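**Student:** Fold the following for me, if possible:
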Amino acid sequence: MRGLLVVMAALLALAVGSTPAEAATHVVAIGNNLGASGDLPLKYAERDAQRFAAVLNRYGDVTSGNTTVALGETATAVRAMLLKKNAAMRASGQDDVLIVFYSGHADARGLHMGRSTLPFRELRNMVAASPAAVRVLVVDACRSGGVTRVKGIRRSADEFVIKVDDRSKVEGFAIITSSAAGEDSQESERLRASFFSHHLITALRGAGDKNRDRLVSLDEAYNYSYQQTLRSSGQTLQLQHPTYKFDMKGRGQLILTRLKKVSRSGKLTLSNPGTYLVIEGRQTGPVVAEAVVGSKGATLVLPPRRYFVQHRAPRFYREYDVRLSRGQTTALKDQEFRTVAYARLLRKGGGDRSAVGGILLFGGVRGPVLDGYGPSPQLTVGGTLDLKWLTLGLRARIQFPVEASPDGALTATHSEYALMVTAQRFIDFPWVSLALGVVLEGAYHRQTYATGGKASARDAASFGIGVLATLQFPLTDALSLQFEGGPMTSIFERATVSAGAVVGRELATPLTYWAAGGLVWRL
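**Tutor:** The predicted structure is shown next:
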């Protein structure tokens, strides 16, 4: 019996020892801020490589031992790293996955690594010749479309779906680039990353999980990155079109990140459609993710800490302060928020709009400009245009008729109609906005007399200028209550009258005041 047990133990050990190890994923992330002579230094290429490796380490079943990060290395050093990685995988004999990522300068010939160049053809051949069952090359560089041999610019991306056949494993070679041949790949100061790398990493964190199965596949990551890179570069001088070339086969898809069981991170669920900006710490911190969410929503997996989140709705932003806890899911819709109307957001240098229009309706009072008359009621309608540094306005003002006896003999009625142009600079505080500016106007005056047989009606035109001080209180996302006022002077020629008869003319510059209040509705 003892001998039998020994034999069985030996056979079991042999069986266990001969069981092939599970296939591993290897990542080589290369970043270089410096290019060839004449290339302006990049700021975030090396950071992009570090962040790409980190997100796969945390969420992609990639161990630190299978991760190589090369920052600021020469073409010779990178070549040696790739050859060493290929040799190690060849010795293991497993159906491994190799992902090579590069962020830096390039031209039509190859990658610029300081004063050295690694030709695109050589890079592609080294990755294609790897013994890994699946090889993925991601190049975030100017004119990187040359590595896929894509010519020209495509207006839209086809669905990037891995083909299915009778094989049980995904195998093959895929290349993804940040731009088409001849295009520049762009960095963003606001994102502190390149457009493409930022959106790719955001996709891997969960924004690209289109079917909400908590698994982000290669095609989901590419499709999300393509659309968002195109959208982001659409706000610059040149569009940027990521490209791909693939030869993949197998049943299923290549999964890059698995977000189902993430115990060390926090989860942020975004239920409502729109664009979300997730910033680490306070509003002035670094941008962690810019996620565009569809009708199915999305869940981002992030390190547990405090975040400032902006949800960009059509007419306003909603801003949240959120703290994510380790292993916990936080639904953004359940958190308290504050609303920032687009005009305020524009004035403080944020938002996607370059101008915000609106309409206004005010009632008010204006001091007298003619002798013998008292304050007159006014009705003002008009429009506003909020720019980043200035708010412009165009208004029509109607003065309701007022009566007076200027010389004690005749009863006169004075009416006034004016067009006003305003220019103001707003400063926004949490519950009120303050503004100071100027107002210019051209007005038409009509004066009629009750004893028309003795004095005919008189018409006159005037030019006015004044200082305008404003208090504005936001009521809803688009509606504000506004009070304004200030001194004004009008310049016009008036008749001098004696005993009901005109005896001369003089230039008048009376100083008066203007005060009004009403509603502003921003469109």
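**Student:** So, low pLDDT: which residues of the stretch 401-523 of the chain?
**Tutor:** 405-410, 451-455, 494-503 (pLDDT under 70).
**Student:** Show me where the stretch 301-450 of the chain has its helices.
**Tutor:** For the stretch 301-450 of the chain, applying DSSP state H, counting those that start in this stretch gives helices covering 342-347.
**Student:** for the chain, what helix or strand is lowest in average pLDDT?
**Tutor:** The weakest-scoring helix or strand in the chain, judged by mean pLDDT, DSSP states H and E, is helix 2-18 (a mean of 43).
**Student:** Quick check: can you name the pairing partners of the following helix or strand past that one and their directions?
**Tutor:** Using DSSP states H and E, the helix or strand that follows helix 2-18 in sequence is strand 25-31. The strands beside strand 25-31 in its sheet (DSSP bridges) come out as strand 67-71 (parallel), strand 97-103 (parallel).
**Student:** Number of residues surrounding R212?
**Tutor:** R212: 11 surrounding residues under other C-beta atoms under 10 Å. Yep, even glycine has a C-beta here, placed from its N, CA and C like the rest.
**Student:** can you check the one 4 residues further on too?
**Tutor:** Under the neighbour criterion other C-beta under 10 Å, V216 is assigned a count of 27.
**Student:** Helix, strand, or coil at R79?
**Tutor:** Under DSSP: H, G, I helix; E, B strand; the rest coil, R79 falls in the helix class.
**Student:** from memory it sits against N125, does it?
**Tutor:** No - using C-beta atoms under 8 Å, R79 is not in contact with N125, being 11.1 Å away.
**Student:** circling back: minimum distance to R344: which of the strands paired with strand 25-31 has it?
**Tutor:** strand 97-103 (36.0 Å; C-beta to C-beta).
**Student:** chain center to that closest one, what's the gap?
**Tutor:** Relative to its parent chain, strand 97-103 has a centroid offset of 28 Å by C-alpha atoms, centre = their mean, to the nearest Å.
**Student:** what residues does that strand touch?
**Tutor:** Applying C-beta atoms under 8 Å, 6 or more residues apart in numbering, the contact partners of strand 97-103 are 23-32, 44-46, 48-49, 52-53, 56, 82, 85-86, 89, 111, 123, 127, 130, 132-141, 194, 197, 254, 256.
**Student:** Could you export it as CSV, CA atoms only?
**Tutor:** Extracted in CSV, the C-alpha atoms of strand 97-103 (Å, rounded to 0.1, in the frame of the first residue of the first chain):
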residue,chain,number,x,y,z
VAL,A,97,0.2,38.0,-25.4
LEU,A,98,2.6,40.8,-26.3
ILE,A,99,1.5,44.4,-26.2
VAL,A,100,4.0,47.1,-27.3
PHE,A,101,3.1,50.7,-26.8
TYR,A,102,5.0,53.8,-28.0
SER,A,103,4.4,57.5,-27.3
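**Student:** now the strands paired with strand 25-31 as a markdown table including mean pLDDT, mean neighbour count and distance to L434?
**Tutor:** A markdown table is the format used below for those (pLDDT from 0 to 100; neighbours: other C-beta atoms under 10 Å; distance: least, C-beta to C-beta, whole Å):
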| stretch | mean pLDDT | mean neighbour count | distance to L434 |
| --- | --- | --- | --- |
| strand 67-71 | 93 | 18 | 48 |
| strand 97-103 | 93 | 27 | 45 |
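**Student:** what does the domain assignment say about the chain?
**Tutor:** When the chain is parsed with automatic domain parsing, its domains come out as 23-257, 266-336, 356-522.
**Student:** mind showing which ranges of the stretch 51-200 of the chain have poor pLDDT?
**Tutor:** Using pLDDT under 70, the stretch 51-200 of the chain drops low at 143-170, 180-186.
**Student:** thinking again about what came up before, need the strands paired with strand 25-31 in a markdown table with distance to V439, can you?
**Tutor:** Listed next are the strands paired with strand 25-31 as a markdown table, based on distance: least, C-beta to C-beta, whole Å:
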| stretch | distance to V439 |
| --- | --- |
| strand 67-71 | 58 |
| strand 97-103 | 53 |
